[in-house]
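**Student:** Dropping a prediction and its sequence here:
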Amino acid sequence: DSKSGGDGKQVLSMATNAEFPPYEYVEGEDVVGIDVDIAQAIADKLGMELKVDNMNFDSIIPAITSGKDAIGAAGMTVTDERKKNVDFTDSYATGVQVVIVREDSKITDVKDLTTKGADNTIGVQLGTTGDIYCTSDIQDKGFGKVQQFNKGADAVQALVSGKIDCVVIDNQPAKEFVKANKGLKILDTEYVTEDYAIAVAKDNTELKDKINGALNELKAEGTIQKILDKYIKA
Ligand code: GLN
């Protein structure tokens with residue numbers, strides 16, 4: 001759209017959920033992270049001014065379909081279901097759903113979650129792929145119960161205090177949450193590998209094409225890798 005920023009540049013407004021380190025999190029008064037740096041690099045290439053709009057994860061797609069924001073960048077996994085409502089750019093990173101447990105947990109393998117009579121309570125972030133998979137593969141099949149949280153960090157606190165049995169979440173935030181809390185570990189079993197991409201409105205092919213052009217250049221220049229390496233320590 002034609003919203004202009006302070007210096008007359010067109011605004012690129014990005015819906016995100018700054019509860020997903022290292023992709024997006026709050027530092028002081030700013031939202032920072034991989035997605036913010038990538039969106040900033042894209043905005044720079046397009047001569048636009050980036051504006052970050054922080055909200056709950058499950059509000060991001062509605063913010064795009066309603067036109068409130070032009071893009072959604074939130075470590076968002078490309079899924080067929082989401083493609084019914086938004087378009088996705090080319091992928092710029094991948095994620096893996098992992099299981100966080102307490103160090104002394106009886107859960108030692110992802111298969112323990114889909115065992116008859118297991119009856120675990122699994123914490124997830126509302127509306128994420130972890131939520132969608134656990135609800136359909138575990139809760140709907142009677143193996144356990146899914147508890148939804150607005151923030152991944154809140155699910156992790158419930159795990160620390162023994163209110164739930166595990167958390168299913170993307171691998172990079174999982175690493176950050178385990179680092180920030182004592183007595184937790186990540187099971188090496190992988191749930192599923194996913195592509196992260198930027199969401200745009202279905203009728204905004206022009207913006208999608210421009211972003212893909214910028215992403216291609218940023219990949220070729222090594223900028224995407226540089227940004228990933230800045231936030232993800234081996
Ligand atoms: N990759 C997950 C998804 O798209 C989680 C993203 C997030 O919580 N920011 O559902």
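**Tutor:** Noted; the coordinates are in hand. Residues are numbered from 1 along each chain as shown.
**Student:** Which residue, neighbours along the chain excluded, lies closest to the residue most central in space within the chain?
**Tutor:** Closest residue to the average C-alpha location of the chain: residue 75 at 3.2 Å, with Cα atoms, centre = their mean. Distances taken as Cβ to Cβ, 6 or more residues apart in numbering place residue 23 nearest to residue 75, at 4.0 Å, with adjacent residues excluded. Every residue, glycine included, has its C-beta placed from N, CA and C.
**Student:** Next: residue 93.
**Tutor:** residue 196 (4.5 Å).
**Student:** And the helix or strand the one you found falls within, what does it pack against?
**Tutor:** Assessed by DSSP states H and E, residue 196 sits inside strand 192-201. In terms of contacts (3 or more Cβ pairs under 8 Å, 6 or more residues apart in numbering; DSSP states H and E), strand 192-201 is packed against helix 60-65, strand 71-72, strand 86-102, helix 129-134, helix 205-220.
**Student:** Can you list the residue ranges for strands in the chain?
**Tutor:** 11-16, 19-20, 24-27, 30-32, 49-54, 71-72, 86-102, 120-125, 144-149, 166-170, 184-186, 192-201 (DSSP state E).
**Student:** So which residues on this protein come close to the ligand?
**Tutor:** 17, 20, 57, 74-77, 95, 125, 128-129, 170, 194 (Cβ under 6 Å from any ligand atom).
**Student:** Among those, which one sits closest to residue 202?
**Tutor:** Distance to residue 202 across these (Cβ to Cβ) is lowest for residue 76, with 15.2 Å.
**Student:** count of neighbours near the residue nearest to residue 93?
**Tutor:** Residue 196 is flanked by 22 other residues according to other Cβ atoms under 10 Å.
**Student:** For beta bridges, what are the partners of residue 101?
**Tutor:** Taking DSSP bridges, one obtains residue 185 as the residues bridged to residue 101.
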